[in-house]
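Chemist: Pasted the sequence and its predicted model underneath.
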Amino acid sequence: MPRDRLLLWAVLAINVFFFLLELGAGWLARSMGLVADSLDMLADALVYALALYAVGRADSRQRGVTRAGGYLQLALAVSGIIETVRRFIAPEPTPNVALMLGIAFLALLGNWATLRLLQRASTDQVHIKASQIFTSNDILVNLGVLVAAMLVYVARSPLQT
């Protein structure tokens, strides 16, 4: 159990750091992709905090924490979709592509490091397994932000003017 706690504190710290970094950079870069990913990092951090609470408790409590994390992820996804639709209706200035690419790449590395830490944990705890799934999905999101940044770059290239 102490090993699980140490692991969860490490991945919590990584996610809080990247939440703050991506939120600030997303705001500066005017990037909905970075802001949305920062909110996902926040959700993950909250899930890890709840998981810290669940370590050593009954399986039913751990499943409840995992379920709460899933609902939190769903709520953030819905809010991200709503904001994306709003931006289609009322367009925003073009994001800063270089900042988007740099921060999205750093976040990808952070999620990769988190996944590696979680995979090294030899445990059947449901909250750790759920965290591995969430983090695997986060890596896909990071790749999506990188693709979005490249598409923004291509769409405003001199070839189009």
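Modeler: Thanks, I have it.

Chemist: Tell me how many other residues surround E92.
Modeler: 11 (other CB atoms under 10 Å). For the C-beta atoms, the positions are set from N, CA and C on the backbone; glycine is no exception.

Chemist: hang on, I meant L6
Modeler: Per other CB under 10 Å, the neighbour tally for L6 reads 11.

Chemist: quick one, what contacts it?
Modeler: By CB atoms under 8 Å, 6 or more residues apart in numbering, the contact set of L6 is empty.

Chemist: Helix or strand for it, just tell me which one.
Modeler: L6 belongs to helix 2-29 when assigned by DSSP states H and E.

Chemist: likewise W112?
Modeler: With elements taken from DSSP H and E, the one containing W112 is helix 97-120.

Chemist: angle of that helix against helix 2-29?
Modeler: Angle of helix 97-120 versus helix 2-29, following axes from the mean of the first three to the mean of the last three CA atoms, to 10 degrees, is 170 degrees.

Chemist: List the buried residues of the helix or strand of the chain with the lowest mean pLDDT.
Modeler: Ranked by mean pLDDT, DSSP states H and E, the weakest helix or strand in the chain is helix 59-89, scoring a mean of 76. Neighbour counts using 16 or more other CB atoms under 10 Å place 62, 64-66, 69, 72-73, 76, 80 of helix 59-89 among the buried residues.

Chemist: Then stretch 102-112?
Modeler: Across stretch 102-112, burial judged by 16+ other CB under 10 Å covers 103-104, 106-108, 110-111.

Chemist: What would it look like as CSV? C-alpha coordinates only.
Modeler: C-alpha atoms of stretch 102-112 as CSV (Å, rounded to 0.1, in the frame of the first residue of the first chain):
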residue,chain,number,x,y,z
GLY,A,102,5.9,22.6,-27.9
ILE,A,103,3.5,22.3,-25.0
ALA,A,104,1.5,19.4,-26.5
PHE,A,105,4.8,17.5,-27.0
LEU,A,106,5.8,18.2,-23.4
ALA,A,107,2.4,17.0,-22.3
LEU,A,108,2.8,13.9,-24.4
LEU,A,109,6.1,13.2,-22.6
GLY,A,110,4.4,13.8,-19.2
ASN,A,111,1.6,11.3,-20.0
TRP,A,112,4.1,8.8,-21.4
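
Chemist: just checking, S79 touches L42?
Modeler: No. Here S79 lies out of contact with L42, judged by CB atoms under 8 Å, at a distance of 11.5 Å.
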